[in-house]
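Chemist: Here is a sequence with its predicted model. Questions after.
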Amino acid sequence: GVVPFVALLLLQRRPVAGRALLVSGSGCPSHGLCRSNVQEQTRRQVAVLNATAQELFSLYLKCQGEPFSSESDKLCNPGGIFFPAFRVNRTSERKEVMVAMYKLFAFLNASLGNITRDQEELNPMAKELLERLHNTTKTTRGLISNLTCLLCKNYNIFQVDVRYGDSSKGKSTFKKKQQGCQVLRKYVQVIGQAARVLLPHLSPS
């Protein structure tokens, strides 16, 4: 089904299909809520996520202990997990880029919530890791809010179908740790590409 933006922010793990839907401008609830510096703020948020992704992944591995610390290439290979396809590039239309970005960061936000919940259970004393996870989630949520605003304001899009990954609830400790490292490894690979694609589209006119 189609899930409105507001519901997406509340029901992050609901699996749905993946396409954007055009609607009339009157349906955009946040059209008038865009800040004057929304594009610059979005640029900064993407840059921050890109700059901190590798550090987050490295700290995550350190806190999981063995065998993750020494066998990360094998155990954290993201080939077997779902991650949103990111097929846009710098020559893609701006609207297509914005929709792809929304799908990516909505997925990431849900995954971060999953990972943070597991780490609070498995590594409650890993204060630095938990703080970084919370900060990354906070930045991601702000970015989603800004992308929501830009999609509404510029393209009259207020509904985007997003597919999310599997929850780790009920899985073994090892599987929870592995799923987290697979998602974060893929995140490191994709966020750099996302930054290169998105930032030119947000450059001042």
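Modeler: Thanks, I have it. Residues are numbered from 1 along each chain as shown.
Chemist: Would you mind pulling up the elements that the host helix or strand of residue 57 packs against?
Modeler: Applying DSSP states H and E as the criterion places residue 57 in helix 38-64. Secondary-structure packing of helix 38-64 (3 or more CB pairs under 8 Å, 6 or more residues apart in numbering; DSSP states H and E): helix 94-122, helix 127-155, helix 173-201. Every C-beta, even on glycine, is put in place using the N, C-alpha and C of the backbone.
Chemist: now for the next helix or strand after that helix, which elements pack on it?
Modeler: The helix or strand immediately downstream of helix 38-64 is helix 72-75, counting by DSSP H and E. Here helix 72-75 touches helix 173-201, going by 3+ CB pairs under 8 Å, 6+ apart.
Chemist: I'd like the distance between the residue nearest to residue 83 when sequence neighbours are not counted and residue 179.
Modeler: If the residues on either side of it in the chain are set aside, residue 83 comes closest to residue 186, at 4.8 Å by CB to CB, 6 or more residues apart in numbering. Shown here: residue 186 relative to residue 179, a distance of 11 Å by CB to CB, to the nearest Å.
Chemist: okay, and the common contacts of the two?
Modeler: Here residue 186 and residue 179 have residue 81 as joint contacts, going by CB atoms under 8 Å, 6 or more residues apart in numbering.
Chemist: still on that earlier bit, from the chain's centre, how far out does the helix holding residue 57 sit?
Modeler: 10 Å (CA atoms, centre = their mean, to the nearest Å).
Chemist: For that helix, what does the pLDDT average out to?
Modeler: Taken as a whole, helix 38-64 has an average pLDDT of 95.
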